[in-house]
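In: What follows is a protein structure lacking sequence information:
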């Protein structure tokens, strides 16, 4: 496939999504993005979705379904909020201190989750369910089941998500680091080998356990960033997310993961996740335009229907394209 | 040897008896002017564990009342459903609690029924029962009563708030309906609509608007009609709320009118966006900060010790004086809201109801605690505040 064709096929999905959603917004006399506030929200949401999607894909692409991502984000952000408030008491350094602590906590929680998986040797989905319950329980204990608000409601936090600048920096840094790690390091090559043929890779000397642990650490780190961004954006952290209440944080990434993987056939997979996150953010902004007409519950249904439709398309792509060719 | 054993037995028996008597003596201390043999355990049902109002109420009970009376409060976690409320009451019953005070309103009828079943005194401290419900339960043995803003008062509070902004000349508003279909929030929202001079499905009176909102379980913007444009409406709090508040902010309303909890959830993003907001909440320090910064421009609130009279009713009931109104029904007394639109007005109420010196302090509460207290005493006190 020529480079030009690759570029076209890479961009076709986001361009189509933009065109369809812009037409819908125009029928309401508006655009997807109407003002600078809308643009700020658009970029911040893109960052959250992209980082969550990358974190979800890392383990899922290796056959490890990790339910604990949401709880990692929530717990790491709660710990980060508590410690940063103790250190900074809401001053100008609060946001950056919380971001750093949250990232470190996320990495440690990811490592712990990985250690539990490789030590117990039980199916990852079961291990991650158990880890989710434990992390949610810890979160509940730390917060007393309350929303953490004082700790995250300050000028530094609101400024962080009050502009598109910081979210853009996070998007760029995360993309560069993740692409370098997964495409240009020994770990990345091993990861790719394990993903494409676990038995062969192990027989050729790839350390599966070490690779899995690093994957969990990276996932935890990324979810730490997500936890921080969510806390800043929501201006609170819900401490009462018991009984898998935190899973919804992860589920926002399913549709973009499938879209991103599809786009990844024509470009770097991580770039695919960014473009997929842009699509989701455009959809989110369209919901904002239609907020008075499409209720929150309807928005959830629309997201779920889109996910199902996209999966149906992916699973029947060849037959679908054949049929179109035949008809034309 | 036999004599020694006998002597030892007698000494042990005397020792035990003295220990028991000492225990009785320590628990017969006078607390707040009343005498009680054992610490009275009161369960508190809460749906909100984070809100400014809820935290203020909790602090008053735990840090003031519990220190001054022989009571122990046990708060539930955030109750999300009627089933949770029922389970919490059953747990209190199994642990020997004497009374339940409710700040949770998923299913008040079931709460009363459950307390009646287990013989636990029950009182409502936030919101009131619908009139029909109160008629049904007002003669229940263990239903002590309710002290709080009546539904009409809730409507009027919303109406006054809406009218305030109409008089200010706003043209675009966003409305937060809090936790509709909670009755108090339905009545407040209906009041806001009425106060803004709008009609809802053609209705402009309380019953007409309230009935439709209950039926819709929300506010349908297409049913609103009038000179002021409601650019955004939202309710509840969940995964999509941040997107909804962002959408509301993007619509650039002149004011964000909330009927509850905005000061808890939205003060930060609204302040950052430079959008003034209002709320029906409570006189707490965080709200004081917002109103002095000029972002919170209207607060209809209760003060934290406004739940004092409910405690007094429950305390009296547990101690044998179940107060009934003049028709021998459970007590139902209306409380009004205080309104502040600037820092000076706010301080007037906040400073007088703070920490160790609440409006309903021990001296005042003691006037309605005791075996001789009547309904008229309670009514007179509540109406005087």
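Out: Here it is on my side, so go on. What you see is a predicted model, and the numbers here were worked out from it, not measured in a lab.
In: From here on, just use CA atoms for contacts and neighbour counts.
Out: Fine.
In: contacting residues for the residue of the stretch 51-200 of chain A found nearest chain B?
Out: Nearest residue of the stretch 51-200 of chain A to chain B (Cα to the nearest Cα) works out as residue A:146 at 5.3 Å. Contact partners of residue A:146, counting by Cα atoms under 8 Å, 6 or more residues apart in numbering or on different chains, are A:140, A:238, A:239, A:240, B:49, B:50.
In: Closest one of those to residue A:258?
Out: residue A:238 (28.1 Å; Cα to Cα).
In: Including distance to residue B:77, neighbour count and pLDDT, could the contacts of residue A:146 go into a markdown table?
Out: Formatted as a markdown table, these follow (distance: Cα to Cα, whole Å; neighbours: other Cα atoms under 10 Å in any protein chain shown; pLDDT from 0 to 100):
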| residue | distance to residue B:77 | neighbour count | pLDDT |
| --- | --- | --- | --- |
| A:140 | 10 | 20 | 93 |
| A:238 | 13 | 24 | 90 |
| A:239 | 11 | 24 | 89 |
| A:240 | 9 | 22 | 83 |
| B:49 | 7 | 20 | 84 |
| B:50 | 11 | 21 | 81 |
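In: Scan the helices and strands of the chain for the one with the lowest mean pLDDT.
Out: With no chain named, the answer covers chain A. Lowest mean confidence among the helices and strands of chain A (mean pLDDT, DSSP states H and E): helix A:317-327, at a mean of 78.
In: Switch to chain B, please.
Out: Result, chain B / mean pLDDT, DSSP H and E: strand B:30-31, a mean of 40.
In: mind listing which of the contacts of residue A:146 are in strands?
Out: Counted as lying in strands by DSSP state E, out of those, are residue A:238.
In: Can you tell me which of the contacts of residue A:146 is nearest residue B:63?
Out: Nearest member of the contacts of residue A:146 to residue B:63, counting by Cα to Cα, is residue B:49, at 16.0 Å.
In: nearest residue to residue A:149 other than its sequence neighbours?
Out: Excluding the flanking residues, the one nearest residue A:149 by Cα to Cα, 6 or more residues apart in numbering or on different chains is residue A:236, at 4.7 Å.
In: which residues touch the one you found?
Out: By Cα under 8 Å, 6+ apart, residue A:236 lies in contact with A:147, A:148, A:149, A:152, A:153, B:265.
In: Repeat that for residue B:264.
Out: Residue B:264 touches B:50, B:51, B:52, counting by Cα under 8 Å, 6+ apart.
In: okay if I get the residues you listed as CSV plus distance to residue A:128?
Out: Output for those, formatted as CSV (distance: Cα to Cα, whole Å):
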residue, distance to residue A:128
B:50, 29
B:51, 32
B:52, 35
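In: just checking: which of those also lie near chain A?
Out: residue B:50 (Cα under 8 Å from any Cα of the partner chain).
In: Mind checking which of the contacts of residue B:264 land in helices?
Out: residue B:52 (DSSP state H).
In: quick one: which of the contacts of residue B:264 is nearest to chain A?
Out: Using Cα to the nearest Cα, the contacts of residue B:264 come closest to chain A at residue B:50, 5.3 Å.
In: That closest one against residue A:143, yeah?
Out: No - using Cα atoms under 8 Å, residue B:50 makes no contact with residue A:143, being 10.2 Å away.
In: Show me the contact partners of stretch B:193-206.
Out: B:155, B:158-166, B:187, B:190-191, B:209, B:212, B:223-228.
In: Run through the residues that contact the spatially closest residue to residue B:213 that is not a sequence neighbour.
Out: Distances taken as Cα to Cα, 6+ apart place residue B:219 nearest to residue B:213, at 6.0 Å, with adjacent residues excluded. The contact partners of residue B:219, taken as Cα under 8 Å, 6+ apart, are B:177, B:213, B:233.
In: what kind of secondary structure is residue B:219 in?
Out: At residue B:219 the chain is in coil, as set by DSSP: H, G, I helix; E, B strand; the rest coil.
In: How about the residues of the stretch 151-300 of chain A by chain B?
Out: A:153-154, A:158, A:162, A:233-236, A:240, A:248, A:284, A:288-289, A:291-292, A:296.
In: do that again at 6 Å, thanks
Out: By Cα under 6 Å from any Cα of the partner chain, the residues of the stretch 151-300 of chain A that approach chain B are A:234, A:288.
In: Now do the strands in the stretch 101-250 of chain B.
Out: B:121-124, B:143-148, B:172-176, B:199-200, B:224-225, B:229-234 (DSSP state E, counting those that start in this stretch).
In: Output the ones you listed as a markdown table; include the columns mean pLDDT and mean neighbour count.
Out: Shown next, in a markdown table, are these (pLDDT from 0 to 100; neighbours: other Cα atoms under 10 Å in any protein chain shown):
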| stretch | mean pLDDT | mean neighbour count |
| --- | --- | --- |
| strand B:121-124 | 96 | 28 |
| strand B:143-148 | 94 | 28 |
| strand B:172-176 | 96 | 23 |
| strand B:199-200 | 96 | 22 |
| strand B:224-225 | 96 | 18 |
| strand B:229-234 | 94 | 22 |
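In: Residue B:286 is nearest to which of those?
Out: Closest among the strands of the stretch 101-250 of chain B, using Cα to Cα: strand B:172-176, at 19.3 Å.
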